[in-house]
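S.K.: next input, structure requested:
(chains A and B)
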Amino acid sequence: MSLRKNYQHAVKQFQPKPSYIANSLKAFISGGLLCACGEALRKLYMNGFNVSAVNADHLMMLTIILLAVLFTALGVYDTFSQFAGAGATILLSGFANSLASAAIEHRSEGWVGGVANQMFKVGGAVIVYGVVVAFVLGVVHYIV
Amino acid sequence: MRLAGKQTWVFDDVYLQATGTAVGPFEANGPLGEEFDVVHHDLYCGEKTWELAERRLMKEAIDVCLQKGNVTANDIDFFLAGDLLNQNVTANYTARDLPIPFLCMFGACSTSMETLAVGSALVDGGFARQVLTATSSHNATAERQFRYPTELGVQKPKSATFTVTGAGAALITRKKSRFRITSATVGRVIDAGLKNPLDMGSAMAPAAAHTIEQHFLDLGRSPADYDLIVTGDLSRVGSVIVKELLMEAGYDVTVNYNDCGLMVYRPDQATFAGGSGCACCAVVTYGHLLKEMEKGTFRNMLVVATGALLSPTMMQQKQSIPAIAHGVVIEAAGRGSRWNIG
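M.R.: Next comes the predicted model:
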């Protein structure tokens, strides 16, 4: 097909296609392994430290957040995300990374105008729509 | 000087007196690492922020250029520069520290050849005796302005490019030197309707093809008249498309075409489709290609710097990406010019 006649359509043959199957597999395995680590941590807190199930959940999440922020600061979380894709982005660790990366990025503009103001520029959408969805589900739950 | 055809300026007596380049760590480790004047092994280049690092790169490129040209800033009549950041802060703040009348220019990644073309016109037209041009880009400043925080974990597609950290400066004069600037084709803004900011090669290829074609038409030339036709940052995706677009128009550039974005990094450097940014065309042309020309690898070249004129706001408002390309012809002087111009 001629590029000159219909560029937007013909150009597609020259654009690299994402490898959907390989990407899905990588996301499934990496995301799954991350979640398995979370579960192992939860078990460790419950059985090893005698923490209640609810508290073990919270401790596990805090640990994952801490590790995600740490690896973001060390500059390796984005490398992991390039490999794992959704397996690294949609989890709690991905959310922690979105806040930490924006905070680090804007440190040069100061603690208030930079770090605090800009921290939610990527992760803010998760909070806004998280609250919206929670509200809708809450209403549904109340009615049903 | 005269206007040839529709968009091309033909210069009588303009020379590229000297150039200066400064680059960051990725470029230093790339295949052309040895060819740059100043090399930094840290993305901060010894500064506190990335923006200051970019400014330092531009200053260093200018210092080297002036030194090589054996002139001081006071000898320069006009300074033309631009970069990628909002309000062209790198260029404006660099100009603040120079005692030279200044024209700020923005052509996104086409700025290197835009400033070289306008600078040559000023010198050839007698509006200046010596013009200094400069442009810069920095991977981290571009990432944070156009994309996401640098440490954010997002998976980039294979069509994405990697912004070159560096700066290039050039000194244009009437004094004879090894490199003569013989013509320049000013590009039109071409919008092919594409909307993916992570595939700028596809968006810019039609602009590059348009400028190259117009250049051939205006001067009655063909691809065979050039030893090298090089684009700025079309990368692995766009460079194939521009060749195909030119082939469809009847111009075969397969043997003498290359792209600066494909030269600046090694394939194993994880830079996706290749290099991009204002500095890409500037450091490769001023650092590498001119040295090759000096060695005699080629006698002349058409350098076409390509720019994607997008902003994050326009992308969020679902607008398409306009693109532009400016071409400049540089010839090895004293080796027997291929044409008798003027």
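S.K.: not counting sequence-adjacent ones, nearest residue to the residue in the stretch 151-300 of chain B that chain A sits nearest to?
M.R.: Nearest to chain A in the stretch 151-300 of chain B, going by C-beta to the nearest C-beta, is B:G153, at a distance of 2.7 Å. Every residue, glycine included, has its C-beta placed from N, CA and C. Residue nearest to B:G153 in three dimensions, not counting chain neighbours: A:S81, with 2.7 Å by C-beta to C-beta, 6 or more residues apart in numbering or on different chains.
S.K.: tell me which residues in whatever helix or strand the one you found lives in are buried?
M.R.: Using DSSP states H and E, A:S81 sits in helix A:77-84. Buried residues in helix A:77-84, counting neighbours by 16 or more other C-beta atoms under 10 Å in any protein chain shown, are found at A:Y77, A:D78, A:F80, A:S81, A:A84.
S.K.: what helices or strands is it leaning on?
M.R.: With contacts defined as 3 or more C-beta pairs under 8 Å, 6 or more residues apart in numbering or on different chains; DSSP states H and E, the packing partners of helix A:77-84 are helix A:20-43, helix A:53-73, helix A:86-89, helix A:92-105.
S.K.: let me know how buried residue 122 is, in neighbour terms.
M.R.: Because you didn't say which chain, this covers chain A. For A:V122, the neighbour count with other C-beta atoms under 10 Å in any protein chain shown is 19.
S.K.: can you look at chain B instead?
M.R.: When counting by other C-beta under 10 Å, one arrives at 20 neighbours for B:L122.
S.K.: mind listing what it touches?
M.R.: Counting by C-beta atoms under 8 Å, 6 or more residues apart in numbering or on different chains, B:L122 touches B:D77, B:F78, B:A128, B:V131, B:I172.
S.K.: who wins on neighbours among those?
M.R.: Using other C-beta under 10 Å as the neighbour criterion, B:I172 leads these with 33 neighbours.
S.K.: helix, strand or coil: sort out that residue for me.
M.R.: Look at B:I172: counting by DSSP: H, G, I helix; E, B strand; the rest coil, its state is strand.
S.K.: separation between it and A:C35?
M.R.: Using C-beta to C-beta, to the nearest Å, one gets 60 Å for the distance from B:I172 to A:C35.
S.K.: please apply the same query to A:R4.
M.R.: 50 Å.
S.K.: quick one: the residue nearest to B:G153 and A:A88 touch, right?
M.R.: Yes. Using C-beta atoms under 8 Å, A:S81 is in contact with A:A88, at 4.2 Å.
S.K.: joint contacts of the two?
M.R.: With C-beta under 8 Å, 6+ apart as the test, A:S81 and A:A88 both reach A:G94, A:N97, B:G153.
S.K.: got the residues you listed as JSON lines, with distance to B:V39 columns?
M.R.: Listed next are the shared contacts of A:S81 and A:A88 as JSON lines, based on distance: C-beta to C-beta, whole Å:
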{"residue": "A:G94", "distance to B:V39": "35"}
{"residue": "A:N97", "distance to B:V39": "31"}
{"residue": "B:G153", "distance to B:V39": "29"}
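S.K.: centre of the chain to stretch A:25-33, how far?
M.R.: Taking C-alpha atoms, centre = their mean, to the nearest Å, the mean C-alpha location of stretch A:25-33 is offset from the chain mean by 13 Å.
S.K.: ok, residues contacting that stretch?
M.R.: With C-beta under 8 Å, 6+ apart, stretch A:25-33 has contacts from A:F80, A:F83, A:A84, A:G85, A:A86, A:G87, A:A88, A:I90, A:L91.
S.K.: the helix holding A:S81 versus helix A:20-43: what angle between them?
M.R.: On the basis of axes from the mean of the first three to the mean of the last three C-alpha atoms, to 10 degrees, helix A:77-84 is oriented at 120 degrees to helix A:20-43.
S.K.: can you give the contact residues for helix A:77-84?
M.R.: A:26-27, A:30-31, A:68, A:71-72, A:88-89, A:93-94, A:97, A:101, B:150-156.
S.K.: one more: stretch B:247-254?
M.R.: With C-beta under 8 Å, 6+ apart, stretch B:247-254 has contacts from A:S2, A:L3, A:R4, B:A209, B:I212, B:E213, B:F216, B:S222, B:P223, B:I229, B:K243, B:L246.
S.K.: the helix or strand where B:A282 lies packs against which elements?
M.R.: Assigned by DSSP H and E, B:A282 belongs to helix B:278-283. Where contact means 3+ C-beta pairs under 8 Å, 6+ apart, helix B:278-283 is packed against strand B:15-23, helix B:111-124, strand B:130-137, strand B:166-173, helix B:260-263, strand B:300-308.
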